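Participant: Quick one: sequence and predicted model below, then my questions.
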Amino acid sequence: MARKASSFVVGVDTSEASANALSYTEKVAAPGDTVHVAYCYVPLTEYVGPEFVHAPSEEQTEAWKNKEQRVFHDFINNHSISKSTTLNIERHMLPGDARQELPRLAQLTSATSIIIGSHGKGVLQRALLGSVSAYLSQHCTLPVTIVPLVKRG
């Protein structure tokens with residue numbers, strides 16, 4: 001009996017932890033599997049504050065989104081997963097918080113699991129700053145794999 005292809009959502013933020021998550025996914029995914037690489041970003045309109053007298057213009061908002069797209073695509077293009085000939089790689093730029101957007105994408109794509117890298121924050125940092133991986137591990141209905149931070153050097 002043939003194996004049914006799996007579908008993974010991999011949350012990335014262009015950090016070394018994200019590169020580790022992609023490398024892990026390359027190792028566990030089988031030929032024919034689909035990897036949905038998801039980059040969540042906060043739209044510029046969320047940053048209205050002292051630096052703007054009014055909300056940013058459409059041009060500023062579009063420039064911000066384009067910059068985020070370049071960062072995301074450069075990150076993926078510089079990782080070996082982008083050169084895979086056996087995996088189906090799909091890229092997703094998602095405006096919003098990763099804690100909500102990654103499970104939503106997983107549901108839309110019928111993913112079998114979510115894979116995310118850990119930044120290796122301590123207890124105090126996680127408590128003060130929050131942790132996407134901690135949140136997903138406790139609130140997500142799908143299996144969540146948290147790849148530990150492995151510094152390359």
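Facilitator: Nice, I can see it. Please read these numbers as outputs of a predicted model, since none were measured by experiment.
Participant: Only the buried residues of stretch 97-105, if you could.
Facilitator: 98-99, 101-103, 105 (16 or more other C-beta atoms under 10 Å). Placement of C-beta: from N, CA and C, glycine included.
Participant: List the contacts of Pro143.
Facilitator: Going by C-beta atoms under 8 Å, 6 or more residues apart in numbering, Pro143 touches 112-114.
Participant: returning to what we had before: which of the buried residues of stretch 97-105 lies closest to Thr85?
Facilitator: Using C-beta to C-beta, Leu105 comes nearest to Thr85 of the buried residues of stretch 97-105, at 24.0 Å.
Participant: how near is the spatially most central residue of the chain to Pro43?
Facilitator: Geometric centre of the chain, nearest residue: Gly11, 2.0 Å, by C-alpha atoms, centre = their mean. Noted for Gly11: a distance of 17 Å to Pro43, by C-beta to C-beta, to the nearest Å.
Participant: For the nearest residue to Val10 once chain neighbours are set aside, name its beta-bridge partners.
Facilitator: Of all residues not flanking Val10 in the chain, Ile115 sits nearest, at 4.7 Å (C-beta to C-beta, 6 or more residues apart in numbering). Ile115 forms beta bridges with Val10, Thr145, as assigned by DSSP bridges.
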